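1. Let's see this in three dimensions:
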Amino acid sequence: MELNEQDQGVFQHVNPLHIFVERVAGLIYAVALGGIILITDLVLFFSGMTSIFYLVMYAAALAYAGMTFVIKAVWPGISYRYTFWRLNEDGLEIRRGVFWRHQISVPRARVQHADVSQGPLQRQYGIARLTVHTAGTLNASVVLNGLTHSMAIELRNQLVRQGKEIHVV
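-> Sure thing, here's the model as predicted:
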């Protein structure tokens, strides 16, 4: 998928498949957390802990695991609705944030290099993460998750290519 002239300058959502990938990753995290909680509770139970304290610990741990599961299942869809990006002649602009809104602008002249990375789940579903490294120390890298792999490669190439064309005198 190439970024054509018509799409440049228009804010776009990340790929909706990113929601599914984040939910699966959250499910894996919640299951691992639940397994750790279960093993810990079994150890505490067989160590002779008093029953009331054990029940309180068990209920709190289950509540935490349940909340984690719900948040990991619901949050990606909410976050998706508030994540936009665009590439224009000035550079890359990202808007995101549900409660606290962030508008991040990366001028082309400040781009040092850019990376495209994928984890195992992202690779399975063709989703990638674009990391743009800029000149400076504070917030010197900007990350945009949820692009298709081809779009992330295209954005990286355009940012790096056009960054080289700008000469500072």
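
2. Now the most centrally placed residue in the chain. Nearest residue, chain neighbours left out?
-> When CA atoms, centre = their mean is applied to the chain, the residue found nearest the centroid is Asn145 (4.5 Å). Nearest non-adjacent residue to Asn145, counting by CB to CB, 6 or more residues apart in numbering: Arg129, 5.0 Å away. Bear in mind the C-beta positions are built from the backbone N, C-alpha and C, glycine included.

3. Can I take it that that neighbour is in a strand?
-> Yes - per DSSP: H, G, I helix; E, B strand; the rest coil, Arg129 lies within a strand segment.

4. Quick one: residues contacting it.
-> Contact analysis of Arg129 by CB atoms under 8 Å, 6 or more residues apart in numbering lists 116-118, 122, 143-147, 152.

5. Please repeat the previous calculation with a cut-off of 10 Å.
-> 18, 115-119, 122, 143-147, 149, 152 (CB atoms under 10 Å, 6 or more residues apart in numbering).

6. What residues are bridge-paired with it?
-> Under DSSP bridges, the beta-bridge partners of Arg129 are Ser117, Asn145.

7. so what's it scoring on pLDDT?
-> Looking at Arg129, its pLDDT reads 95.

8. Now do it against Ala30, distance only.
-> Counting by CB to CB, to the nearest Å, the separation of Arg129 from Ala30 is 22 Å.

9. Met67 now?
-> 10 Å.

10. okay, those two: which has more neighbours?
-> Legend: neighbour count by other CB atoms under 10 Å for Met67 and Ala30, higher for Ala30 (19 against 11).

11. Thanks again, I'm all set now.
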